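*Asks:* Please find the sequence and the predicted model below.
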Amino acid sequence: MPDTSEVRPYNSERSKKEQVTQMFDGIAPNYDLLNRVLTLGIDTIWRKNAIKKLRDSAPSTLLDIATGTADVAIEACKQIDGLQVTGLDISSEMIAFGNKKVKKRGLEDQIKLVVGDSEALPFEDNSFDALTVSFGIRNFENLKKGLTEMRRVLAKDGQLVILEFSKPTLFPFKQLFHAYFKYVLPVIGRIKSKDPKAYTYLYESVQAFPDYDKLDTILKEVGFKNTEWKSQTLGICTIYTGSK
């Protein structure tokens, strides 16, 4: 299995972080549409399920890392009354589209979106009651560094929820999913996003990502406690939880 830091969108000497930023800046205009089409709309259910994991702890403040176009931030405000959300993303273009959605829904008083690096978070220690990251953690250049930063900015007993693609294990769904992700999805993505590499990278990054118990072990190694994971839709993606 390749190292996640070595799986990059483009054949370039630039760092993974720089290439990921370039990729998301480029696909930002079609990102939401592609998500709905490529997952048949199921991604909206996954996000709802991820935020449900936070409702019992009733956080007042939430940091949503790799916020993209703010889908998770918006969903969190729907489910948790009075929540204040800071959404951070490395792509300024994704943030620009996210801000349009936030304004359209009248959530400017609850959601603030900023451009920033998930591996060098511009926040003080113990700043947030909860932290989410959806479909972004596999893009980290240094996974442990990013997770360590996430734990640093969480308050004591703060809750972590990660939503990320994983590799199904059940026959024959495993084989069907593999074929769809490797051959069909990149063709659709290429037509819609005009970026021939973006959705090839999606497949490659999922294959390299340490999912299920492997990620659970890494979360424990960087200091998270009460870690658990629960797969969604036959293992297409998985929700990981933990606390500081």
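*Replies:* That came through fine.
*Asks:* The chain: helices as residue ranges?
*Replies:* Using DSSP state H, the helices of the chain run over residues 16-27, 31-38, 43-55, 71-79, 92-104, 143-153, 173-179, 185-193, 198-208, 213-221.
*Asks:* Pick out the shakiest of these, pLDDT-wise.
*Replies:* Here the lowest mean pLDDT among these goes to helix 185-193, at a mean of 74.
*Asks:* Report all helices and strands that it contacts.
*Replies:* helix 31-38, helix 198-208 (3 or more CB pairs under 8 Å, 6 or more residues apart in numbering; DSSP states H and E). (C-beta placed from N, C-alpha, C; glycine too.)
*Asks:* Might you quantify the distance of that helix from its chain's geometric centre?
*Replies:* Taking CA atoms, centre = their mean, to the nearest Å, one finds the center of helix 185-193 at 20 Å from the center of the full chain.
*Asks:* quick one: that helix to helix 198-208, angle?
*Replies:* 140 degrees (axes from the mean of the first three to the mean of the last three CA atoms, to 10 degrees).
*Asks:* Convert the C-alpha atoms of helix 185-193 to CSV, please.
*Replies:* The C-alpha coordinates for helix 185-193 follow below in CSV (Å, rounded to 0.1, in the frame of the first residue of the first chain):
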residue,chain,number,x,y,z
LEU,A,185,-16.0,7.8,-11.6
PRO,A,186,-12.9,9.3,-13.2
VAL,A,187,-14.7,9.5,-16.6
ILE,A,188,-17.7,11.3,-15.1
GLY,A,189,-15.4,13.6,-13.2
ARG,A,190,-13.3,14.4,-16.2
ILE,A,191,-16.3,15.4,-18.3
LYS,A,192,-17.9,17.6,-15.5
SER,A,193,-14.8,19.1,-13.9
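*Asks:* thinking again about what came up before, any chance of the helices and strands packed on helix 185-193 in CSV with mean neighbour count as columns?
*Replies:* As requested, these are exported to CSV (neighbours: other CB atoms under 10 Å):
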stretch, mean neighbour count
helix 31-38, 17
helix 198-208, 20
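*Asks:* These: which one's closest to Leu215?
*Replies:* helix 198-208 (12.2 Å; CB to CB).
*Asks:* Minimum distance to Thr233: which of the helices of the chain has it?
*Replies:* When the helices of the chain are compared by CB to CB, helix 43-55 sits nearest Thr233, at 7.4 Å.
*Asks:* Now find how far off-centre the closest one is within its chain.
*Replies:* 12 Å.
*Asks:* Put together CSV for the helices and strands packed on helix 185-193, with distance to Asp129 on each row.
*Replies:* Formatted as CSV, the helices and strands packed on helix 185-193 follow (distance: least, CB to CB, whole Å):
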stretch, distance to Asp129
helix 31-38, 27
helix 198-208, 30
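*Asks:* re the thing from before, with distance to Ala120 as extra columns, can I get the helices of the chain in TSV?
*Replies:* Output for the helices of the chain, formatted as TSV (distance: least, CB to CB, whole Å):
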stretch	distance to Ala120
helix 16-27	10
helix 31-38	24
helix 43-55	24
helix 71-79	21
helix 92-104	16
helix 143-153	7
helix 173-179	34
helix 185-193	28
helix 198-208	21
helix 213-221	19
